[in-house]
Structure formats: C-alpha cells, structure tokens
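Asker: sharing a model that was predicted from the sequence below.
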Amino acid sequence: MNSTTVIAQKWYRINSIILMATSQYFRKCFESSYEQEEKVLTLHLKESEEPAFRKLLEFMHATSSTLATNPFKLSSAMMVAKQFEQQFWVKKCKEGLINRFKPLQHPELMSLLSLAAVIEILRSDDLDVQSEDDVYDFTLEWALRNYPSKQRRREVLEAELGPLIRFHYMSYKKLVQAVTNYYEYFSREFILKAAMTAVVAKQVSPDSHFVERAYKHKPLMVSEEFQPSRFCTIFLTFTRDECLKLIQSSPIRSMDFEFHDGEFFIQVLNKLKEERHIITYLNP
C-alpha cells in the first residue's frame, strides 16, 4: 500500500511498508488506516516542523542520510524523529549534535537549543566534558538565558532538567556552591535533597541509577577519618576499557578533591618495568 501524507497544502508520496518497519508511530497509524480502509494518512504539524519532517521521510526512505549543518535544524530534526518514534534517527541526530557542535563547550549555541533537545543532551553518557560540574553549569546557564521568569525557570529545572544532572558525580566544591547559590534556580528543598543524596552516595557507594559519563576528570569517592589522626581514603574504579588505556600509556586524571585546606587530584598512569614486565600504577 502506497499512501500520501498531507501537510497543509503539501503532499508526499510515501511507502507505508517502509515507514511501518522503522516507526512504531506509523505502524499504529497505518494499521488503523487498514481497518478503516483509508488510502490517505493526514498528519498535523507546525509549519516550523515541516522541513525536519521532510528530512525524516527522506532518511526513512533511504534517499538521504545527511545531517543538518546547524544545531537548530539538527535539534528540530531530533525532536520530530522522537515525535514519530524513529529511534535510530533520534540517536543519529543526538550524536551529531553532541559530537559535531559540542554545545557544552560553545555557549553561543545555547539559544538555538530547545528544551527537548537539552533533555536529550543531558540523558547522554557520551558528553565531552571534564566533569559533571560542567554539565551543572551548562544547565543553569541555559535555563537562565531561556527562561527570564524565575518561577518558570525553577519549574523547568526541578521537573525536567534537575533530575538529569548526576549530582553524585559533582565535586564537593561544586555541591557547596550549588547549596549556597540556589535561589535563582531551585527551591531550597530540591537542592538540599539533591546535595545530601550526592554526599551520601560519595561516602557509601555510587548511585546505580546513572552511569558515569565519558568524563575527562574521573569521579572518585573520598572517605575522611579523624581518628587516630586526620586522613582520607580515595576510591577510584576503572572499567576494562580504561585499564586498556592505561596499558597503552594514556594517563587518567581524577576530579579535584579537597583535604586539609588543600586541593588535590590523582593522576593514574603505568610504568612498565622491563626487567619484570610489571605494570605499576603511580599516584603523583
């Protein structure tokens, strides 16, 4: 069955079999059309969504796989693909947005990103950032630029974006800053709960609800003791891939931590002792 989709005064020839195979949304639409013996599928879109929808149709029919060349169009394409449940295109657009435009490193792109796009970005485990502190700063700056009303800004941050910030991977210094300077962004109850949960997770065990992002500065856990004298124990965990990087002489740097009024970090690297072929991990 070949059908025609109408958008305002525009008609598109589409192949229902192809669309049903790659989108749950279209599968439900066409199954309903079959039951009612309809030959035309009508969709209602905003005018601003039409270019992104046309691009989605081209991708689904394998006539184009080229991503948009600016972050606004790429963001729109990702949102339309999500609306029509085309998960592969959502993933492709998200990867393009994060890897090509690196929105967290370019503040000038913030005004081009919709709320839905920022949500998708914050859900990613592959953000190119030094630490979760950067994610926190980006989220607050984006909200400040896009929501002048403090009340609306708080609503968006607490309901949509705040739960996607991985507070337990933030540094203690940033957590203190968050609790101290929360008024423009969060309610006191929200930020205190987030910060206290993060502190407990750092001292006991990592929160399994979120995995680590691809941080340049690896998160760590700090256990501080005061008896018989003041000392701290640092915990770092490594994945198999990270261990392989160490073998290949790629050092891994931890996030900063404070102890005895000083600020420190740990850099883990390997040194091959040729005479014994032993890998030793040095913590300078």
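Answerer: That came through fine. Remember, predicted model here, so these are calculated numbers, not experimental data.
Asker: all helices of the protein, in order?
Answerer: Ranges of helices in the chain, per DSSP state H, are 16-22, 24-36, 50-60, 71-83, 87-96, 115-123, 132-146, 150-156, 172-180, 188-203, 240-247.
Asker: to D261, which of those lies closest?
Answerer: The minimum distance between D261 and the helices of the chain falls on helix 172-180, with 12.6 Å, by C-beta to C-beta. Any C-beta I mention is one placed from the backbone N, CA and C, and that applies to glycine too.
Asker: what packs against the closest one?
Answerer: On a contact count with 3 or more C-beta pairs under 8 Å, 6 or more residues apart in numbering; DSSP states H and E, helix 172-180 meets helix 132-146, helix 188-203, strand 257-259.
Asker: okay, these in JSON lines with distance to M221 next?
Answerer: Below are the helices and strands packed on helix 172-180 laid out as JSON lines (distance: least, C-beta to C-beta, whole Å):
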{"stretch": "helix 132-146", "distance to M221": "14"}
{"stretch": "helix 188-203", "distance to M221": "5"}
{"stretch": "strand 257-259", "distance to M221": "9"}
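Asker: how far does stretch 104-122 stretch from start to finish?
Answerer: End-to-end distance of stretch 104-122 (C-alpha to C-alpha, to the nearest Å): 10 Å.
Asker: need the contact partners of it.
Answerer: Residues outside stretch 104-122 that contact it (C-beta atoms under 8 Å, 6 or more residues apart in numbering): 70-72, 75-76, 78-79, 82, 90, 94, 97-98, 101, 103, 127-129, 134-135, 138-139, 141-142, 145-146, 156, 160-161, 164-165.
Asker: which among these end up buried?
Answerer: Buried members of the contacts of stretch 104-122, scored by 16 or more other C-beta atoms under 10 Å, are 71, 75-76, 78-79, 82, 90, 94, 97-98, 101, 103, 127-129, 134-135, 138-139, 142, 146, 156, 160-161, 164-165.
Asker: give the contact list for P71.
Answerer: By C-beta under 8 Å, 6+ apart, P71 lies in contact with 97, 101, 103, 109, 112-113.
Asker: closest to Q227 out of the residues you listed?
Answerer: So of the contacts of P71, ranked by how close each gets to Q227 (C-beta to C-beta), first place is P103, at 46.9 Å.
Asker: mind listing what the closest one touches?
Answerer: Contact analysis of P103 by C-beta under 8 Å, 6+ apart lists 71, 97, 109-110, 113, 121, 138.
Asker: at 10 Å what do you get?
Answerer: Contacts were defined as C-beta atoms under 10 Å, 6 or more residues apart in numbering; by that measure P103 touches 71, 75, 97, 109-110, 112-113, 117-118, 121, 127-128, 138, 142.
Asker: for those, which one is nearest Q248?
Answerer: Nearest member of the contacts of P103 to Q248, counting by C-beta to C-beta, is D128, at 20.1 Å.
Asker: thinking that closest one is in contact with F138, fair?
Answerer: No: if you go by C-beta atoms under 10 Å, D128 and F138 don't touch, sitting 11.7 Å apart.
Asker: that older thread, just the helices and strands packed on helix 172-180: most buried one?
Answerer: helix 132-146 (a mean of 20; mean count of other C-beta atoms under 10 Å).
Asker: show the average pLDDT along that one.
Answerer: Mean pLDDT, helix 132-146: 93.
Asker: same deal with stretch 40-48?
Answerer: On average, stretch 40-48 scores 75.
Asker: next up, phi/psi of Y185, please.
Answerer: Torsion angles at Y185 (phi, psi; degrees, to the nearest 10) stand at phi -130, psi -40.
Asker: do I have it right that it meets Q177?
Answerer: No: using C-beta under 10 Å, Y185 is not in contact with Q177; the gap is 11.5 Å.
Asker: of the two, who's got more company?
Answerer: Neighbour totals were compared for Y185 and Q177, and Y185 leads with 23 against 15 (other C-beta atoms under 10 Å).
Asker: ok, the more buried one - contacts?
Answerer: 136, 139-140, 143-144, 147, 150, 153-154, 156-158, 161-162, 178, 191.
Asker: let's see 6 Å
Answerer: For Y185, the contacting residues are 140, 157, by C-beta atoms under 6 Å, 6 or more residues apart in numbering.
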